[in-house]
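Peer 1: quick one, what's the 3D model for this:
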Amino acid sequence: MIAEPCIDVKDRACVDECPVDCIYEGPRMLYIQPDECVDCDACVPACPVTAIFAEDDVPGEWKPFVAVNAEYFSDSVSGLGSPAGAAQVGPSTVDHPTVVAWETI
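Peer 2: Numbers count the residues shown, from 1 in each chain. Just a heads-up that it's a prediction; the model follows:
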């Protein structure tokens with residue numbers, strides 16, 4: 001999953017490394033579709049801001065982003081569901097409410 005360091009950065013190097021195209025773009029950050037991710041960790045070393053973690057390795061202060069990534073794909077947030085490929089969908093015009101409200105320092 002992708003955590004707070006990605007907000008307002010969206011480097012996208014991770015997108016190029018993902019073999020299953022499960023990293024989707026919102027206006028302020030990228031999101032991993034948890035049902036599509038195969039947990040290969042190919043994206044982890046590509047992230048220049050260390051924002052990507054396996055669910056069990058998320059630092060405490062960013063634990064809420066586990067739910068943020070999952071909820072992002074719900075009908076009530078982006079409505080994307082599990083479209084089976086970010087490249088086909090393209091960038092979204094909405095972010096998760098937590099990301100919208102996040103104040104960067």
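Peer 1: where does pLDDT dip in this structure?
Peer 2: Within the chain, the ranges that satisfy pLDDT under 70 run 104-105.
Peer 1: so what does the longest helix anywhere in it touch, helix or strand wise?
Peer 2: Using DSSP state H, we find that the single longest helix of the chain is helix 64-72. If you count contacts as 3 or more C-beta pairs under 8 Å, 6 or more residues apart in numbering; DSSP states H and E, helix 64-72 packs onto strand 30-32, helix 97-101. C-beta coordinates here come from the backbone N, C-alpha and C atoms, glycine included.
Peer 1: single out the most deeply packed of these.
Peer 2: Comparing those by mean neighbour count (mean count of other C-beta atoms under 10 Å), strand 30-32 ranks first with a mean of 26.
Peer 1: ok, that one: who's next to it in the sheet?
Peer 2: Note on strand 30-32: by DSSP bridges, its sheet partners are strand 23-25 (antiparallel).
Peer 1: which residues are in contact with the strand it pairs with?
Peer 2: For strand 23-25, the external contacting residues (C-beta atoms under 8 Å, 6 or more residues apart in numbering) are 2, 10, 12, 14-15, 30-33, 43, 72-73, 78, 80, 86, 89-92.
Peer 1: just the buried ones from those?
Peer 2: The neighbour count (16 or more other C-beta atoms under 10 Å) marks 2, 10, 14-15, 30-33, 43, 72-73, 78, 80, 86, 92 as buried among those.
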